[in-house]
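In: sharing a sequence plus its predicted fold:
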Amino acid sequence: MSLPPLVSPADDLTVDEVRRYSRHLIIPDVGKTGQRRLKNARVLVVGAGGLGSPALMYLAAAGVGTLGIVDFDVVDESNLQRQIIHGTSDVGKSKAVSAKESIAEINPLVDVILHEERLDSDNAMRIFADYDLIVDGTDNFATRYLVNDACVLLGKPYVWGSIYRFDGQASVFWAEHGPCYRCLYPEPPPPGMVPSCAEGGVLGVLCATIGSIQVNEAIKVITGIGEPLAGRLMIYDALDMTFRSVKVRKDPECPVCGKNPTITELIDYEEFCGVVSEDAQQAAAGSTISATELKAMLDGGDDIFLVDVREPNEYEIVSIPGATLIPKGEFLSGAALEHLPQDKRIVLHCKSGQRSAEVLAVVKDAGFADAVHVGGGVLAWISQIDPSLPAY
């Protein structure tokens, strides 16, 4: 469905702006009025990472007058495979600052506002209030529900995208004109069920595909042209090179945008999504060791059975010496339990500690009461024990 323009036009374009945006101006559907709407628009991009990189670059190139960036992270070498707004010389630099510098090269006419802080329930409403539209470039469920709820409460459109390995999704959630994110996903998946990009990986160019689709939708909403993805979910498969669209209906019983909303203010989204399950938290309490303690166990010849619960391709990248690979899925199915020795202490690890905590709960429930896991996983081993190993 077509929607009215979100933003009123700016007074006029300068001679420099006419030259810069000439290829927009000669499109009848955009024209000078549409470009003036873009000039007057204030768009906030949450995250300057995989999706945020192409989104910020193309929003800037399109002439969006004011761009806000929310990001508290710094550029890491592993980001460069997909986060194209950053370069090698930016490693270690604030992502927000790096993104602003790149935007200045793309289009110095854009005003960039930095919010170098972690987005949470305490600051989201304040930050969002000054913008017309929110583009979400995050990769976790807690922040997506936070962004959605804040947008509903403030009456702002939310351009959403999601990426994982070779698959991407995108939609426009605007409660005044259709469903919100909660209408599509009423409940988050169980903790540990859906790996993050850091755990499961993502094809770098997929970020460009979905990020540019998000910008396409933002431009349509701002200018009032075409039919935005409001009420539709776009699904992209990079391996099959297929796009398909699925209708999404507004849920009249939605707790935030329904007829009788029960969520009238922002909540604790980490608790709502249960980033780590209660079972895993209970299992890890008092049963978490550091990388340094693991090194002491190995050096001292302790009788332990060290298990790496990551995936085989991760194990090929880097591993802790002496670890036996048994992927998490084999524990969840129960197949791995019969292979665990009864006469040795079980020590589990993964990349960062979340997956091994989930496996620890399964192992303890199976009777291995003295089992432990390594807090921080292989990344902690690299940073504390052997920095020569590659981090990923």
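Out: Now that the structure is in, tell me what you want to look at. Numbers count the residues shown, from 1 in each chain.
In: number of residues surrounding the nearest residue to Asn107 once chain neighbours are set aside?
Out: Of all residues not flanking Asn107 in the chain, Ala60 sits nearest, at 4.5 Å (C-beta to C-beta, 6 or more residues apart in numbering). To be clear about C-beta, it is placed using only N, CA and C from the backbone, and glycine gets the same treatment. The number of residues packed near Ala60 is 25, by other C-beta atoms under 10 Å.
In: contacting residues for Ala60?
Out: By C-beta atoms under 8 Å, 6 or more residues apart in numbering, the contact set of Ala60 is 67, 103, 106-107, 110.
In: select the longest helix from the protein.
Out: In the chain, taking DSSP state H as the definition, the longest helix is helix 204-223.
In: follow-up on the earlier one: out of the contacts of Ala60, who's the most crowded?
Out: Compared across the contacts of Ala60, Leu67 has the highest neighbour count, 25 neighbours, by other C-beta under 10 Å.
In: secondary structure class for Val112?
Out: Here Val112 is recorded as strand under DSSP: H, G, I helix; E, B strand; the rest coil.
In: I'd assumed Ser383 was in contact with Leu389.
Out: No. Using C-beta atoms under 8 Å, Leu389 is not in contact with Ser383; the gap is 9.6 Å.
In: more crowded one of those two?
Out: Between Leu389 and Ser383, counting by other C-beta under 10 Å, Leu389 is the more crowded of the two (17 against 13).
In: tell me the confidence at the more buried one?
Out: pLDDT, Leu389: 95.
In: now do the strands in the protein.
Out: Along the chain, counting by DSSP state E, strands occupy 42-46, 66-70, 111-115, 133-136, 158-164, 167-173, 232-237, 242-247, 288-289, 304-308, 324-325, 345-349, 372-374.
In: where does this structure have low pLDDT?
Out: 192-193, 275 (pLDDT under 70).
In: domain ranges for the chain, per the record?
Out: Under the assignment automatic domain parsing, the domains of the chain span 15-273, 278-384.
In: for the first one, measure first residue to last.
Out: To tie it back to what came earlier, the one meant is domain 15-273. Across its full length, domain 15-273 reaches 50 Å between end residues, using C-alpha to C-alpha, to the nearest Å.
In: and that domain, how far out from the chain middle?
Out: 10 Å (C-alpha atoms, centre = their mean, to the nearest Å).
In: cool, stretch 340-354 as well?
Out: Relative to the centre of its chain, stretch 340-354 is centred 29 Å away, using C-alpha atoms, centre = their mean.
In: just the buried positions in it, please.
Out: 340, 346-354 (16 or more other C-beta atoms under 10 Å).
In: adding distance to Ser78, write those residues out as CSV.
Out: Below are the buried residues of stretch 340-354 laid out as CSV (distance: C-beta to C-beta, whole Å):
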residue, distance to Ser78
Leu340, 32
Ile346, 30
Val347, 26
Leu348, 24
His349, 19
Cys350, 17
Lys351, 12
Ser352, 13
Gly353, 18
Gln354, 17
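In: what's the distance between the residue nearest to Val110 when sequence neighbours are not counted and Val30?
Out: Nearest residue to Val110 in three dimensions, chain neighbours excluded: Ala60, at 4.9 Å (C-beta to C-beta, 6+ apart). Per C-beta to C-beta, to the nearest Å, Ala60 is found 17 Å from Val30.
In: of all the buried residues of stretch 340-354, which two lie farthest apart?
Out: Leu340 and Ser352 (22.5 Å; C-beta to C-beta).
In: hang on, Ala10 packs against Gly65?
Out: Yes. The pair Ala10 and Gly65 qualifies as a contact (C-beta under 8 Å) at a distance of 7.0 Å.
In: anything in contact with each of the two?
Out: Counting by C-beta under 8 Å, 6+ apart, the shared contacts of Ala10 and Gly65 are 39-40.
In: the longest helix of the chain vs strand 42-46, what angle?
Out: Inter-element angle recorded for helix 204-223 and strand 42-46: 150 degrees (by axes from the mean of the first three to the mean of the last three C-alpha atoms, to 10 degrees).
In: for Leu56, what are its contacts?
Out: By C-beta under 8 Å, 6+ apart, the contact set of Leu56 is 45, 48, 67, 69, 85, 99, 102-103.
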